[in-house]
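Colleague: Have a look; sequence and predicted model below, questions after that.
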Amino acid sequence: MRKQAGLIRTATVLAVAGILSFGNMSAWAQGATPAPFSKVTVSDEVAKRTLMKAVINADTARAIVDACVDWQKAQPGNVSIVIFVLSPTGEIIDSHAMDGVLPIGAETGLMKAKTALYARASSATVAQRFNNVDGRLIRLDLGKAEGLSYYFVPGGLPIIVDNQLIGAVGVGGGNADEACAYAALNKVLGPQPPLAQPAPPAAAPAPMPKP
């Protein structure tokens, strides 16, 4: 009888452990705990073939896309957006366009992701760094030979885990593109660094003294 009870307890523990491990298989970030690097990047088997480990995997890219779309649908007005998730070398891992996205929204969403990838910073940070016409004009063609770009509009964020760039995300077509990308990264990967704050408006020039 005692032996049978012990077997029942053992079976119960194994069943609970199996349920917990199965639940964790479909989860990325857990509350305030960041998603582990091994969970969100390609497998060791894939890395052996490609010789690259720090690459966002397809499941994580899809989770980011879905999280951004879900966030956007919950916003007032439900403005249509398009989202791209890129690998560190610029290939599209996943993307989605909601109904009604204009072609320019799709193009700018991809450009924002490429900007974040190229600059290793948000496209909003890039826009603040080069905030005058001359500074932007001399950079418009930078990176295009490599399939990257500079685009000076918020909505593109690098995807960084354990101080490794594993990809980039870009959102276009909406009126809160950066917030959508940021919400998705927080949901899937865990707490993200604060977004760049808008630069204060330039002070108006002092009026000319009257003669």
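Modeller: Received it, and whenever you're ready, just let me know what you need.
Colleague: Distance across stretch 69-86, terminal residue to terminal residue?
Modeller: Between the opening and closing residues of stretch 69-86 we find a distance of 17 Å, counting by CA to CA, to the nearest Å.
Colleague: What are the buried residues along that stretch?
Modeller: Buried residues in stretch 69-86, counted by 16 or more other CB atoms under 10 Å: Val69, Trp71, Gln72, Val79, Ser80, Ile81, Val82, Ile83, Phe84, Val85, Leu86. Quick note: C-beta positions are derived from backbone N, CA and C, even for glycine.
Colleague: Quick one: the helices in this protein, in order.
Modeller: 2-25, 37-40, 44-50, 58-73, 103-119, 123-129, 133-137, 177-189 (DSSP state H).
Colleague: I'd like the average pLDDT over the fourth one.
Modeller: Same thing as helix 58-73. Rounded to a whole number, the mean pLDDT of helix 58-73 is 98.
Colleague: Contacts for that helix, please.
Modeller: Residues outside helix 58-73 that contact it (CB atoms under 8 Å, 6 or more residues apart in numbering) are 28, 35, 39-41, 78-81, 83, 85, 93-96, 98, 159, 167, 169, 171, 174, 176, 179-181, 183-185, 187-189.
Colleague: In PyMOL, how would I select just the buried ones from these?
Modeller: Selecting only the buried entries of these in PyMOL, with 16+ other CB under 10 Å as the criterion:
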select buried, resi 28+35+39+40+41+79+80+81+83+85+93+94+95+98+159+167+169+171+174+176+179+180+181+183+184+185+187+188+189
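Colleague: the longest strand in the protein is where?
Modeller: In the chain, assigned by DSSP state E, the strand with the most residues is strand 164-172.
Colleague: Which strands border that strand, and is each parallel or antiparallel?
Modeller: The partner list of strand 164-172 in its sheet, established with DSSP bridges, is strand 82-86 (antiparallel), strand 156-161 (antiparallel).
Colleague: Show me how far that strand is from its chain's centre.
Modeller: 5 Å (CA atoms, centre = their mean, to the nearest Å).
Colleague: now swap in stretch 65-75 and tell me
Modeller: Taking the mean C-alpha point of stretch 65-75 and that of its whole chain, the gap between them comes to 13 Å (CA atoms, centre = their mean).
Colleague: average pLDDT for the longest strand of the chain?
Modeller: For strand 164-172, the per-residue pLDDT values average out at 98.
Colleague: One more: stretch 178-188?
Modeller: The predicted confidence, averaged over stretch 178-188, sits at 97.
Colleague: With stretch 32-51 instead?
Modeller: The average pLDDT for stretch 32-51 rounds to 95.
Colleague: Of all the residues in that stretch, which ones are buried?
Modeller: Going through stretch 32-51 with 16+ other CB under 10 Å, the ones that come out buried are Pro34, Ala35, Lys39, Val40, Thr41, Val42.
Colleague: All good on my end, thank you.
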